[in-house]
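In: Only the shape, not the letters, is given here:
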């Protein structure tokens, strides 16, 4: 890829996700890029200058004046090496956007969509060259959480996927290649599977919303921050690993699976669960949550760095 | 409860869970208790003296010589204020154990079972007084993870539940009262729900075992360590809270639920998933994992303490 100092990134859409990505780019090495933001809302410039600083911890706001606010799509994309859209979750809008972007962008610009649900293969329907587009789905909020799900379409070229991974790895992010376009990708499917059982247990009166959160915060949350579920249960099985784990308690696992709830949206659990959440949490102090999350991630990044530097160099 | 300095705790069963509880008690304030361990294995004393030190970080092993190793059940339980069993997961063994314990223990000793699956109501079948027994289920490893699921039977007295909560809260643990005896309790049901979807996604070739763990470690792991799923999604819904969240992306949530896998034990996914886990993880360095987990939990406990000390005192 072009020298990092010369890297030009364009973000389309200045909603919460777009601005969070802008904040990320402005505060992460290797180098602050040439950053352009384009948004079709009226007074976009005022809006962006007023809201972008909110994505930085107090007293750590880098100069955001260097961000260029484009006033047209051609101006926004014509020089960019990377173009990421975080626009409305609407298939037709995205299809039209990429067809336009393709007309004005350079031939090897990387094209990324932050969508949480619309596959690249559908977004690319009106494009001539479908090889450069893929989904780069963050975990909210993207200026803090390390995960990026890279979900190419069958037409996306391997070189594009590789360049995308290299970009994020160089910034200490965790870009994971999802090998098949799948409803909801992977992170949300996993989280929603747990959420579904959580709703069932609250709905059935086994625990309250606050008790359930207390359980997760003091067990699998910190556990999985350090070692994901497979690694954890592989360790739990002792020398026989995951196979040993299922040998020991596979019956209990299956009993839980067989007894699992399977609530659906609109089933009637909503009133109880929403009311409990309102009552116990009111308005969540997101700044506080983000500050603590940053501290945890610093510890994890430090430990990961330690591990890498302890590892023998490959010859 | 009796003065902490005089508190006498007896642990029955010196397997991994029993020894981890011993390590916890020896290293946590308010005060090192009078700790007795009883185990029926041959040479129990040698085994315990040799293995208990492994549950402490290097250079932080407190004197374990003060631990008393009982040679009979009556000797082990007759003076104890708290008796916790971490024996084999076998209903008959537990039923016989509690009937014996009841004969020799003092009338108001608290009786706890570490079981991960056998309800207190079944364990208590042969007891005269079923009010004192409840499940106190740790999250592995119990000397590190803060969660304890308190699962009383319908016969357990509220005062016993309260005394049990007080004990663990005084030690900065997170004892959560599960209001109904439920297959697998709550933590495992939640974790296994996610694990089931994880297995499905690996089995379907969407991601590998290592990629899936990478996703969880860089997203919901650290997120849920700070704010459980309900709190997180309540925050994600903005001012409208959890209701707003479902208003915005309830359709995506339902699409993930409708498309979710539902593998079962023995379905044939095992070979692929076990082999990947072996290949990528070999033998997990549990000491390393535990060290990093302790660091995260220290941050979380510090932040929680800060929050509590910031809160206005109740009058």
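Out: Nice, thanks for sending it over. Keep in mind that what you see is a predicted model, and the values were worked out from it rather than measured.
In: residue nearest the centroid of chain A?
Out: residue A:138 (1.5 Å; C-alpha atoms, centre = their mean).
In: Look at the residue lying closest to that one once chain neighbours are set aside and give its secondary structure.
Out: Nearest residue to residue A:138, sequence neighbours excluded (C-beta to C-beta, 6 or more residues apart in numbering or on different chains): residue A:148, at 5.7 Å. Quick note: C-beta positions are derived from backbone N, CA and C, even for glycine. Recorded secondary structure, residue A:148: strand (DSSP: H, G, I helix; E, B strand; the rest coil).
In: Look up the residues forming beta bridges with residue A:148.
Out: residue A:138, residue A:175 (DSSP bridges).
In: and it, what pLDDT?
Out: Model confidence at residue A:148, expressed as pLDDT, equals 98.
In: what's the burial count for it?
Out: 28 (other C-beta atoms under 10 Å in any protein chain shown).
In: Who are the contact partners of it?
Out: Contacts for residue A:148 (C-beta atoms under 8 Å, 6 or more residues apart in numbering or on different chains) come out as A:136-139, A:142, A:168, A:173-176.
In: so where do the strands sit in the stretch 101-250 of chain A?
Out: A:110-113, A:133-138, A:147-152, A:174-177 (DSSP state E, counting those that start in this stretch).
In: Centre of the chain to the last one, how far?
Out: Translated: strand A:174-177. 10 Å (C-alpha atoms, centre = their mean, to the nearest Å).
In: Can you tell me the SS state at residue A:9?
Out: strand.
In: Neighbours of it, how many?
Out: 20.
In: May I have the beta-bridge partners of it?
Out: Applying DSSP bridges, one finds that residue A:9 bridges with residue A:35, residue A:82.
In: Looking at the strands of the stretch 101-250 of chain A, which is nearest to residue A:278?
Out: Nearest of these to residue A:278, taken as C-beta to C-beta: strand A:133-138 at 27.0 Å.
In: and the direction of the closest one versus that of strand A:147-152, what angle?
Out: Strand A:133-138 and strand A:147-152 are oriented at 160 degrees to each other (axes from the mean of the first three to the mean of the last three C-alpha atoms, to 10 degrees).
In: for strand A:133-138, which positions count as buried?
Out: Using 16 or more other C-beta atoms under 10 Å in any protein chain shown as the test for burial, strand A:133-138 gives A:133-138.
In: Show me which of the residues you listed is closest to chain B.
Out: residue A:138 (9.1 Å; C-beta to the nearest C-beta).
In: Quick check: that closest one touching residue A:146?
Out: No. Residue A:138 is beyond contact range of residue A:146, at 9.5 Å (criterion: C-beta atoms under 8 Å).
In: Give me the neighbour count for residue A:281.
Out: 19.
In: again with residue A:292
Out: Residues near residue A:292, counting by other C-beta under 10 Å: 21.
In: From residue B:299, how far out is it?
Out: Distance, residue A:292 to residue B:299, by C-beta to C-beta, to the nearest Å: 7 Å.
In: which regions of chain A lie under the pLDDT threshold?
Out: A:1-5, A:29-32, A:308-315 (pLDDT under 70).
In: can you give me the helices in it?
Out: Taking DSSP state H as the test, the helices found in chain A are A:16-27, A:44-51, A:73-77, A:91-104, A:120-123, A:158-169, A:187-203, A:209-217, A:220-226, A:229-236, A:241-259, A:270-281, A:286-310.
In: contacting residues around the last one?
Out: Same thing as helix A:286-310. Contacts for helix A:286-310 (C-beta under 8 Å, 6+ apart): A:57, A:141, A:144-146, A:172, A:225-226, B:217, B:222-223, B:225-227, B:235, B:292, B:295-296, B:299-300, B:303.
In: re earlier: can you tell me which of the buried residues of strand A:133-138 lies closest to residue B:34?
Out: Of these, the one sitting nearest to residue B:34 (C-beta to C-beta) turns out to be residue A:138, at 52.8 Å.
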